[in-house]
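Colleague: I'd like to go over a predicted model; first the sequence, then the structure.
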Amino acid sequence: MTDFNQDEIKISIKGLHKIFGEKPAEMMPHVEAGMSKSELMDQHSHALGLKDISLDIPAHQIQVIMGLSGSGKSTLIRHLNRLIEPTTGEIWVDDENVLEMNEAQLRDLRRYKMSMVFQKFGLLPHRTVLENAEYGLEIQGMKADERHDKARHWLERVGLQGFEDQYPSQLSGGQQQRVGLARALATDADILLMDEAFSALDPLIKTEMQQILLELQEELHKTIVFITHDLNEALTIGDRIAILRDGEIIQSGDPQDILMKPADDYITDFIKDVNRAKVVRARSIVEQGSGAKGKVVKTSHSIEQILPILHASETQSSPVQNKAGDIVGQVSLDAAIKALEPPKTKGNDEQYW
């Protein structure tokens, strides 16, 4: 995961609401008064897609938006490039209000600043792999030779060198998604919108695509908004996570904070089946002190990685080192074992799904 100054905000969403139906503006007072999604549908036949979404997305990081089916995550991402118009709210990209853009400005936003990768790949079946990869550049008006070279470069980067003349129907699902990723990267857009991009892939191929994305991100430092319903995927790739339920953000922040300090019983239930040994990092359990004499561990190491080191230490503790090489504290075997225990709910019997 990337490590940039989070004060640099690329996308800012403020007070965003989306109500689907014939008279959404007339429904806003009901929503603002606290009417739930189910009540709005039952009493007024309007669907509450998003409710008062406010979220700052840092530049150069992977912001995951996740939730169960119907939570509003795909609706939210489609607001960022105005494929869906909001009922109320603001969306700012690089200090420009997307909702005030005219047609020409919005067209430029979609062509040059934002690229989108879809769950169903979105490839044109009558075009070759190369022609699909260069499609965004063609829309930008780039000359044929230049766009051919650029598309070939990105196909090679995603591991599809030699497939340029094949058609989408000749490729596996994972290969098709690589074409979609190459097409998005070829435009040099600052922002990638990825809507359930890997959800249709088999588990092994999904893991491979996640690794490809992370490797490219280490080099390219894009701002990526990634939609998923898979918590393990979110924890694998996300610098930040926002969890939605019924169109509302329930908790947002650093993945480690969400794991260690769930906001409520809903989040606690959501994370209960996570393999904490693989995803909880040393930075989440670091303690003050400099007396540890064991082998140095890094803040990015998982509990699974540090447990053997702690067991081998005479003091059952080790100093912890950050990315800059500084010792920031120590971690103990007791703290590591305790972190493996999932948080307990507060006894609320409400069923969430």
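Modeller: Here it is on my side, so go on.
Colleague: mind checking the SS state of the residue nearest the centre of the chain?
Modeller: A centroid search over the chain (CA atoms, centre = their mean) returns residue 64, at 2.1 Å, as the residue closest to the centre. Secondary structure, DSSP: H, G, I helix; E, B strand; the rest coil: residue 64 is strand.
Colleague: show me where the stretch 51-200 of the chain has helices.
Modeller: 73-80, 103-108, 129-133, 135-140, 144-157, 173-186 (DSSP state H, counting those that start in this stretch).
Colleague: and the end-to-end length of stretch 44-63?
Modeller: 34 Å (CA to CA, to the nearest Å).
Colleague: how far away from the center of its chain is it?
Modeller: Distance, stretch centre to chain centre, for stretch 44-63: 13 Å (CA atoms, centre = their mean, to the nearest Å).
Colleague: same question, stretch 218-234
Modeller: Distance, centroid of stretch 218-234 to centroid of chain: 3 Å (CA atoms, centre = their mean).
Colleague: just to revisit the earlier point, and residue 52, which of the helices of the stretch 51-200 of the chain is closest to it?
Modeller: Minimum separation from residue 52 across these (CB to CB) falls at helix 73-80, 12.0 Å. Glycine gets a C-beta too; all of them are placed from N, C-alpha and C.
Colleague: may I have the closest one as CSV, with CA atoms only?
Modeller: Coordinates of each C-alpha in helix 73-80 appear next as CSV, following Å, rounded to 0.1, in the frame of the first residue of the first chain:
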residue,chain,number,x,y,z
LYS,A,73,-21.5,1.5,-3.2
SER,A,74,-21.9,1.2,-7.0
THR,A,75,-24.4,4.1,-6.9
LEU,A,76,-21.8,6.2,-5.2
ILE,A,77,-18.9,5.5,-7.6
ARG,A,78,-21.2,6.4,-10.6
HIS,A,79,-21.7,9.9,-9.1
LEU,A,80,-18.0,10.7,-9.2
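Colleague: change the start of the numbering to 29 and stick with it
Modeller: Renumbered: residue one is now 29, and that last one reads helix 101-108.
Colleague: what packs against it?
Modeller: Applying 3 or more CB pairs under 8 Å, 6 or more residues apart in numbering; DSSP states H and E, one finds that helix 101-108 contacts strand 37-48, strand 75-86, strand 90-94, strand 116-121, strand 219-223, strand 251-256.
Colleague: other residues contacting it?
Modeller: Under the criterion CB atoms under 8 Å, 6 or more residues apart in numbering, residues 39, 41, 44, 46, 77-78, 81, 93-95, 112-114, 119, 121, 126, 142, 219, 221, 223-224, 253, 255-257, 272, 275 lie in contact with helix 101-108.
Colleague: and for stretch 255-263?
Modeller: Stretch 255-263 is contacted by residues 92-97, 101-102, 104-105, 222-227, 234, 238, 254, 269, 283, 287, 298-299, 302-303, 307 when judged by CB under 8 Å, 6+ apart.
Colleague: select only the buried ones of the residues you listed in PyMOL?
Modeller: To isolate the buried members of the contacts of stretch 255-263 in PyMOL, using 16 or more other CB atoms under 10 Å:
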select buried, resi 92+93+94+95+101+102+104+105+222+223+224+225+226+234+238+254+269+283+287+298+299+302+307
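Colleague: now name the helix or strand holding the residue lying farthest from the centre of the chain.
Modeller: Distance from the centre of the chain peaks at residue 342, with 40.4 Å (CA atoms, centre = their mean). Assessed by DSSP states H and E, residue 342 sits outside every helix and strand.
Colleague: give me the domain ranges for this protein.
Modeller: 85-304, 310-367 (automatic domain parsing).
Colleague: before we move on, back to that, out of everything not next to it in sequence, what's closest to the residue nearest to the centre of the chain?
Modeller: Nearest residue to residue 92 in three dimensions, chain neighbours excluded: residue 266, at 3.6 Å (CB to CB, 6 or more residues apart in numbering).
Colleague: quick one: residues contacting that neighbour.
Modeller: Residue 266 makes contact with 29, 90-92, 254, 283, according to CB under 8 Å, 6+ apart.
Colleague: run the last query once more with 6 Å
Modeller: Applying CB atoms under 6 Å, 6 or more residues apart in numbering, we find residue 266 in contact with 90, 92, 283.
Colleague: please apply the same query to residue 224.
Modeller: Applying CB under 6 Å, 6+ apart to residue 224 gives the contacts 147, 255.
Colleague: where does the stretch 229-378 of the chain have low pLDDT?
Modeller: Low-confidence segments of the stretch 229-378 of the chain, defined by pLDDT under 70: 319, 375-378.
Colleague: now do the stretch 79-228 of the chain
Modeller: Checking the stretch 79-228 of the chain against pLDDT under 70 turns up 149.
Colleague: how far out from the middle of the chain is stretch 39-46?
Modeller: In terms of CA atoms, centre = their mean, the centre of stretch 39-46 is found 17 Å from the chain centre.
Colleague: next one: stretch 350-363
Modeller: Remark: stretch 350-363 is offset 27 Å from the chain centroid, using CA atoms, centre = their mean.
Colleague: what are the contacting residues of that stretch?
Modeller: In contact with stretch 350-363 (CB under 6 Å, 6+ apart) are residues 31, 310, 313-317, 320, 327, 338, 344-349.
Colleague: rewinding a little: going by distance to residue 55, which of the contacts of residue 266 wins?
Modeller: Distances from residue 55 to those, taken by CB to CB, are shortest for residue 92, at 29.3 Å.
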